[in-house]
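Asks: pasting the sequence and the predicted coordinates here, then a few questions.
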Amino acid sequence: MISLIKNTIVESIISLIRILFSSFSELNSFKYLFFKEDNKLLTSCKYKKSYYLFNKSNIKYETEEYVIMSFFDITKRKRLEKDLEFEQNMFETLCNELPESIVLFSDEIIYSNLILRKKFKYTKATLANKSFSELISNDDKELFYTYIENIDINKNKDFIFKMKRKDDIEFWAKLKTKKLEKENGECFYLSLIVDITNEKLKLEKLNQLANYDKLTEVINRRKFDELLLQEYKRSKRYEINTCGLFLDIDHFKNINDTYGHDIGDSVLVELSTLVKKHIRDTDIFARWGGEEFVLILTQIDIESAKKIAENLRMTIESNSFKKVNKVTTSMGLSKLKNNERLSTFLKRLDSALYKAKKGGRNRVEIL
């Protein structure tokens, strides 16, 4: 009986091998493929265009030993592995050829391309397993966390923020992120990062030129009109008290004629700096034109506004200006009335200023 089983097993193995190999010469080749020179069996190999995984087991029965070999065709799996390897190599090659930085992360960084590592001054080893948030400026970390939490809402939006290199030098960047989710719910994020520092600086410069007076660096009349309209609408909507102040430098023509325009310009700059130091962050201060300035005082009644105006007048009068020494100002003050037009409000401020000049200058008049 045992002999019959033994013969059946041997015959089955031979039949299997014959299916795999059409001739004895191929069987002989098969033997050399699967065994090393020391006759040690390998675990897998390629034969022609197919791949096989096999296992060798020794079985001892009574006084004899038997060898059982099991074969598995793993050609499809091997080809899939090669396809995946090819796609991975293609992905990395493509990413490294792009001019932008690319990163894949969950919390920690999983993949980064060569451009990113050069930009942030990291090696592949030092960047591996580092949290992506470590590359974000401390000023923008909370903003970044909020962006990631709401990525499904912001998926088509670019996120602009400051990033930080290994040497702590910061730069402006634009981030576009795609959320990748596995079947088990685990999330990954693939981001494209573009350095926009130069564009940001150019935009800020254009904004400075468009909205700020070149000499005094306070907002210009165009920007003032925009902010005044916003404050006007807010005042009407929430019934907030708003007051305005026109300020004019007394006898400024004499300063220019006596000391020259360069000194006159320095007076304008020094006065602007002085006023900015003594008003609130919520107030709107602008150069109206020439030696005239305008100040909008928000959320304030007329009596409190008058105190601020008088304090400014006395501060300017007591200040020692370069070359000129003493400078005085005339001011016209008024409160924005309910439902009146802005043009009417501004005309009343101008009339109050005219009254202060006619009244002897270096004073505040209210209308």
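Replies: Thanks, I have it.
Asks: ranges for the strands of the chain?
Replies: 44-47, 50-61, 64-73, 101-105, 109-112, 159-164, 170-181, 187-195, 242-249, 284-289, 292-298, 329-335, 364-366 (DSSP state E).
Asks: and the gap between the closest residue to residue 51 other than its chain neighbours and residue 347?
Replies: If the residues on either side of it in the chain are set aside, residue 51 comes closest to residue 78, at 4.2 Å by Cβ to Cβ, 6 or more residues apart in numbering. Every residue, glycine included, has its C-beta placed from N, CA and C. To residue 347, residue 78 is 87 Å away according to Cβ to Cβ, to the nearest Å.
Asks: which one of the two has more residues nearby?
Replies: Shown here are residue 78 and residue 347; by other Cβ atoms under 10 Å, residue 78 has more neighbours (16 against 13).
Asks: returning to what we had before: which one of the strands of the chain lies nearest to residue 352?
Replies: In terms of Cβ to Cβ, the element of the strands of the chain nearest to residue 352 is strand 329-335, at 2.9 Å.
Asks: and that closest one, which strands flank it?
Replies: strand 242-249 (antiparallel), strand 364-366 (parallel) (DSSP bridges).
Asks: could I get the pLDDT score of the residue nearest to residue 51?
Replies: pLDDT for residue 78: 76.
Asks: ok now stretch 242-261, how far from the chain's centre?
Replies: Averaged C-alpha coordinates place stretch 242-261 at 44 Å from its chain's average position (Cα atoms, centre = their mean, to the nearest Å).
Asks: that stretch: which residues count as buried?
Replies: 242-250, 252, 255-256 (16 or more other Cβ atoms under 10 Å).
Asks: make JSON lines out of the strands of the chain and add distance to residue 148 and mean pLDDT.
Replies: Below are these laid out as JSON lines (distance: least, Cβ to Cβ, whole Å; pLDDT from 0 to 100):
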{"stretch": "strand 44-47", "distance to residue 148": "43", "mean pLDDT": "58"}
{"stretch": "strand 50-61", "distance to residue 148": "42", "mean pLDDT": "69"}
{"stretch": "strand 64-73", "distance to residue 148": "44", "mean pLDDT": "68"}
{"stretch": "strand 101-105", "distance to residue 148": "10", "mean pLDDT": "86"}
{"stretch": "strand 109-112", "distance to residue 148": "14", "mean pLDDT": "86"}
{"stretch": "strand 159-164", "distance to residue 148": "9", "mean pLDDT": "90"}
{"stretch": "strand 170-181", "distance to residue 148": "8", "mean pLDDT": "90"}
{"stretch": "strand 187-195", "distance to residue 148": "7", "mean pLDDT": "89"}
{"stretch": "strand 242-249", "distance to residue 148": "40", "mean pLDDT": "96"}
{"stretch": "strand 284-289", "distance to residue 148": "36", "mean pLDDT": "95"}
{"stretch": "strand 292-298", "distance to residue 148": "36", "mean pLDDT": "96"}
{"stretch": "strand 329-335", "distance to residue 148": "47", "mean pLDDT": "96"}
{"stretch": "strand 364-366", "distance to residue 148": "53", "mean pLDDT": "96"}
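Asks: so can I have CSV of these showing distance to residue 143?
Replies: Converted to CSV, those look like this (distance: least, Cβ to Cβ, whole Å):
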stretch, distance to residue 143
strand 44-47, 52
strand 50-61, 51
strand 64-73, 54
strand 101-105, 17
strand 109-112, 19
strand 159-164, 6
strand 170-181, 11
strand 187-195, 15
strand 242-249, 32
strand 284-289, 27
strand 292-298, 27
strand 329-335, 39
strand 364-366, 43
